[in-house]
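*Asks:* Could you work out the structure for the sequence below:
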Amino acid sequence: MPESLTLGRTTKSTEGVARFCDPVVRMSCSGHTTDTSLDQGCAATWTLQNHYRQVPDHTAARLDTVSSTPAWSPAELALLGFSLLSLATCCVVISAKKYFWIDELFSWTLVTDQSLSHMLCALWHGADGAPPLYYLITRGWTSLFGTSELAFRSFSCAGFMVALVVTWITLRRAFGRWPAAVAALFVFGLSPLIAYQVGEARFYGLLTALVAIAVYLYARAVAAPSISRALALAIWVTHLALVYCHVYGLFYSGGILLAWIMSDRLSGRRWHSGYLAVLLAWIMFLPWLPAVRAVSETGQPHSWMPVPTGRDLITSFGFSLQGAAVVLAAIVLLGALTPSHLFKRPSLGSSQSQNDVRWRIQRIGAAVLIVLLGLAGLRHSTIGAWSLTAVAHALLLQEHEGILLLLLVTFAVLRAVSEFRRREGEPGTRPLAVSPSIALLIVGLGLLGIPIVSFVASQVGPSIFTPRYFIPASLGLAPCVAYFVEWSSQTSLGISEDEATARSHDMLITAAWTVLVTVLAALPALHSLHAPTRHSLGMEIEAVAPANAFIVVENELDLLPLLHYQQRQDLTYVYPMDWAAAKSATELDATVGYKQMAIWERVGYANSTMLSGSEVPCTKPEFLVLNSRRNAWFDDRILSDSALAVKQIGSSRPPLHPFVIYFVHRRGTSVPVACRTTSISVP
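*Replies:* Have a look, this model is predicted:
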């Protein structure tokens, strides 16, 4: 029998027979091996499984995925380690290439607050948009590793690392080694958004890790005959942390609980203490609701997020993944060519050769269909019709991934329903209790429903619909991908009688799967290489600003970065606190910036000088304005005033938002209009 170079190990010993009959190792008992003793051992093992469990062969094969999951092989551990190294590399490279932006500076300001009680008070009054857990943990993290950009961002990277490991373990218990590896790396490798957030000093890494842990505990609870106190305690702690990490934690906790109730209902289980643990976590979040309300008030009359459309909702199911069509097509083609002893498959009976052809034709056809779906946006490409660049652009960018992945989810659901119906009629069997894969698919659907909940909520109140909030929801794709990997490899490709030929074929196919998962694992690091190079922030302003100049920054998104990275200490950056100008701005979310700065003034993070921009025309004979579309202050208060002369002297460059630099000065002794109706004296 040819040796296998899969993530598992091959052996002909009697002890190894049961292990290789386990689906995790994907050893076939379908009769396509020259090793008679191994066939007999597999047959005996399957007979025992069917005798004691009273379920069909394909069901019995799944039973050991929880209780008898093999130990991690060196190759598996190497792949996991390489994946974590890729995430760490991504964090280091991206952190070196970008500055803190305003959201990160919100985090940095709160975490570095000298007073813990003041930080909590500021959060209570809406100084940032999240509950306190992330800031409390990050304070401990920075006390160990410092407050540099990399040290601060590394906590987010650690969160995504935990999420990857836990997701991998959860999938492995239900689907086995190869499907778990491919599915986990599909989600974490194809997402440039995750790669970006790995190097972001925000709470998305922690939120994703907590969702992954909650799903793991859900899988344990569904598989357990009863909920132990230790498991109930772990569930309560995890869901409490989830709701105190981010407001979306309530959505994710609710989605997991609904999936849990549905799973138990299908398995014939009743209400138990696990549900109470989740509900208790929600009850303990009630004291923080006034703070949530304070944050939500900044979204009136306009949120910083636009109200989503139906197209936005469909696009959100792409989860910013790039290249999904290429990877899914590769999975189908590799599965169709994979020998049966590398991935275990159910026996196809006497008409096996005819079924082989049928199975392979179906999968090759599926691969072609996936590629065609990926090319759906080609006609909209501006690069050039059917050019190689246009084809690559259509296949590798995420413009139409939402539709493709929705079809993937639909496929996984239909396959699970078919599987459930096959098991439903078996005597003495509770189908879902012996199918952790179906249980994971149900919770995956619960997570994938979060964008729909957010879409509905954004239609009736301030919009809360934004792609990075859905990063944890993308974990719901993993069971669907794992189902797809299993389906793609359920042919029964025969093995050549010539052992040397069979060995060569094994090595070639195994090498192809290894290349696929290795590329997926390396993608976060590769994504980071494409991040724009870091330039000196604000140098275009400081190069043209006169000595001791006051600079009015209309966009609060640029104000905090300019203050944080300021090189010339003689310059004073200020923000115009003008509610009327904010309301009349082209960009409706300018009111959010005004209210956020007002909160920062109340909690002591912004002083009166920092917010004195609207007074500058009355107190300074000349000054600079960074004119942004985000605020109408310059258009309403400066351009329309004949007492002020304006001259363009520069413009912004990334990473700052687009703006034009204007030099403004008074015409002779004229008094600006804004100063004639105020008590401010004019020098």
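*Asks:* Leu105 - how many residues pack around it?
*Replies:* Per other C-beta atoms under 10 Å, the neighbour tally for Leu105 reads 18. Bear in mind the C-beta positions are built from the backbone N, C-alpha and C, glycine included.
*Asks:* Same question for Pro654.
*Replies:* When neighbours are counted by other C-beta under 10 Å, Pro654 registers 12.
*Asks:* residues near the nearest residue to Ala457 once chain neighbours are set aside, how many?
*Replies:* Nearest residue to Ala457, sequence neighbours excluded (C-beta to C-beta, 6 or more residues apart in numbering): Ile464, at 6.0 Å. Residues lying near Ile464 (other C-beta under 10 Å) number 20.
*Asks:* what does Pro301 give?
*Replies:* If you count neighbours by other C-beta under 10 Å, Pro301 ends up with 9.
*Asks:* I'd guessed it sits against Thr591; true?
*Replies:* Yes. In this structure, Pro301 is within contact of Thr591 by C-beta atoms under 8 Å, at 6.3 Å.
*Asks:* and for those two, which residues touch both?
*Replies:* Both Pro301 and Thr591 are contacted by Lys583, under the criterion C-beta atoms under 8 Å, 6 or more residues apart in numbering.
*Asks:* if I look at the residue nearest to Ala457, how far off is Ser95?
*Replies:* Distance, Ile464 to Ser95, using C-beta to C-beta, to the nearest Å: 28 Å.
*Asks:* What of Pro462?
*Replies:* Distance of Pro462 to Ser95, computed by C-beta to C-beta: 32 Å.
*Asks:* Tell me which of the two has more neighbours.
*Replies:* Just comparing Pro462 and Ser95: by other C-beta under 10 Å the higher neighbour count belongs to Ser95, 26 against 19.
*Asks:* Now do the SS call for the more buried one.
*Replies:* The three-state label given to Ser95 by DSSP: H, G, I helix; E, B strand; the rest coil is helix.
*Asks:* quick one, what contacts it?
*Replies:* With C-beta under 8 Å, 6+ apart, Ser95 has these contacts: 149-150, 153, 199.
*Asks:* could you dump those residues to CSV with distance to Trp633, secondary structure and pLDDT?
*Replies:* Conversion of the contacts of Ser95 to CSV gives the following (distance: C-beta to C-beta, whole Å; DSSP: H, G, I helix; E, B strand; the rest coil; pLDDT from 0 to 100):
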residue, distance to Trp633, secondary structure, pLDDT
Glu149, 31, helix, 94
Leu150, 36, helix, 95
Arg153, 33, helix, 96
Gly199, 33, coil, 94
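*Asks:* out of those, who has the most neighbours?
*Replies:* Busiest of the contacts of Ser95 [other C-beta under 10 Å] is Gly199, holding 28 neighbours.
*Asks:* Identify, among the helices and strands of this protein, the element with the weakest mean pLDDT.
*Replies:* One helix or strand of the chain scores below all others by mean pLDDT, DSSP states H and E: helix 14-21, with a mean of 34.
*Asks:* Mind checking the pLDDT average for the helix or strand where Ala439 lies?
*Replies:* For Ala439, the host element (DSSP states H and E) is helix 436-448. In this model, helix 436-448 carries a mean pLDDT of 94.
*Asks:* What residues sit buried inside the helix or strand just after it?
*Replies:* Downstream of helix 436-448, the next assigned helix or strand under DSSP H and E is helix 450-460. Using 16 or more other C-beta atoms under 10 Å as the burial criterion, the residues of helix 450-460 that qualify are 450-451, 453-455, 458.
*Asks:* roughly how far out does helix 450-460 sit from the chain middle?
*Replies:* The chain centre lies 18 Å from the centre of helix 450-460; the measure is C-alpha atoms, centre = their mean, to the nearest Å.
*Asks:* Only alpha carbons, please: show it as CSV.
*Replies:* What follows is helix 450-460, C-alpha atoms only, in CSV (Å, rounded to 0.1, in the frame of the first residue of the first chain):
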residue,chain,number,x,y,z
ILE,A,450,-25.8,38.9,12.2
PRO,A,451,-25.5,41.1,9.0
ILE,A,452,-29.2,40.6,8.5
VAL,A,453,-29.9,41.7,12.1
SER,A,454,-27.7,44.7,11.7
PHE,A,455,-29.3,45.6,8.4
VAL,A,456,-32.8,45.6,9.9
ALA,A,457,-31.6,47.5,13.0
SER,A,458,-30.0,50.1,10.7
GLN,A,459,-33.3,50.6,8.8
VAL,A,460,-35.2,51.5,12.0
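*Asks:* From the rest of the structure, what touches that helix?
*Replies:* Residues contacting helix 450-460 (C-beta under 8 Å, 6+ apart): 248, 251-252, 255, 305, 307-308, 312-313, 316-317, 464-465, 469-470, 472-473.
*Asks:* What mean pLDDT does the next helix or strand after that helix get?
*Replies:* Counting by DSSP H and E, the element after helix 450-460 in chain order, helix or strand, is helix 477-488. Taken as a whole, helix 477-488 carries a mean pLDDT of 91.
*Asks:* Equivalent analysis for stretch 665-682, please.
*Replies:* 72.
*Asks:* what's the burial count for Arg676?
*Replies:* Arg676 has 10 neighbouring residues, counting by other C-beta under 10 Å.
*Asks:* Can you tell me how far the spatially most central residue of the chain is from Pro451?
*Replies:* By C-alpha atoms, centre = their mean, the mean C-alpha position of the chain lies nearest to Ile471, the distance being 2.4 Å. Distance, Ile471 to Pro451, using C-beta to C-beta: 11 Å.
*Asks:* now do Leu84
*Replies:* Counting by C-beta to C-beta - Leu84 and Pro451 are separated by 28 Å.
*Asks:* State the helix or strand in which the residue nearest to Arg653 when sequence neighbours are not counted lies.
*Replies:* In this structure, Arg653 finds its nearest non-sequential neighbour in Glu540, 5.7 Å apart by C-beta to C-beta, 6+ apart. Element membership for Glu540 (DSSP H and E) is helix 539-542.
*Asks:* elements contacting that helix?
*Replies:* The contact analysis (3 or more C-beta pairs under 8 Å, 6 or more residues apart in numbering; DSSP states H and E) places helix 539-542 against strand 644-651.
*Asks:* Tell me the strands beside the helix or strand that the strand it packs on is followed by, with direction?
*Replies:* Remark: after strand 644-651, the chain's next helix or strand is strand 660-666, criterion DSSP H and E. Under the criterion DSSP bridges, strand 660-666 sits next to strand 622-627 (antiparallel), strand 644-651 (antiparallel) in its sheet.
*Asks:* what does the following helix or strand past strand 660-666 contact?
*Replies:* Where DSSP H and E defines the elements, the next helix or strand beyond strand 660-666 is helix 673-676. With C-beta under 8 Å, 6+ apart as the test, helix 673-676 has contacts from 614, 617-618, 637, 640-641, 643, 682.
*Asks:* 10 Å - rerun?
*Replies:* Contacts to helix 673-676, defined as C-beta atoms under 10 Å, 6 or more residues apart in numbering, come from residues 578, 614-619, 636-638, 640-644, 666, 680-682.
*Asks:* Now do the contacts for the residue nearest to Ala457.
*Replies:* Ile464 neighbours (C-beta under 10 Å, 6+ apart): 129, 247-248, 251, 296, 299, 303, 305, 308, 453-455, 457-458.
*Asks:* Go again with 7 Å.
*Replies:* Counting by C-beta atoms under 7 Å, 6 or more residues apart in numbering, Ile464 touches 305, 454, 457-458.
*Asks:* The residues you listed: which two are farthest apart?
*Replies:* Using C-beta to C-beta, those reach their maximum pairwise distance at Met305 and Ala457, which is 11.3 Å.
*Asks:* What segments of the stretch 301-450 of the chain are strands?
*Replies:* Counting by DSSP state E, counting those that start in this stretch, one finds no strands in the stretch 301-450 of the chain.
*Asks:* can you give me the helices in it?
*Replies:* 310-316, 324-337, 352-374, 388-396, 401-424, 436-448, 450-460 (DSSP state H, counting those that start in this stretch).
*Asks:* Show me what the longest one is packed up against.
*Replies:* If you count contacts as 3 or more C-beta pairs under 7 Å, 6 or more residues apart in numbering; DSSP states H and E, helix 401-424 packs onto helix 310-316, helix 324-337, helix 352-374, helix 436-448, helix 477-488.
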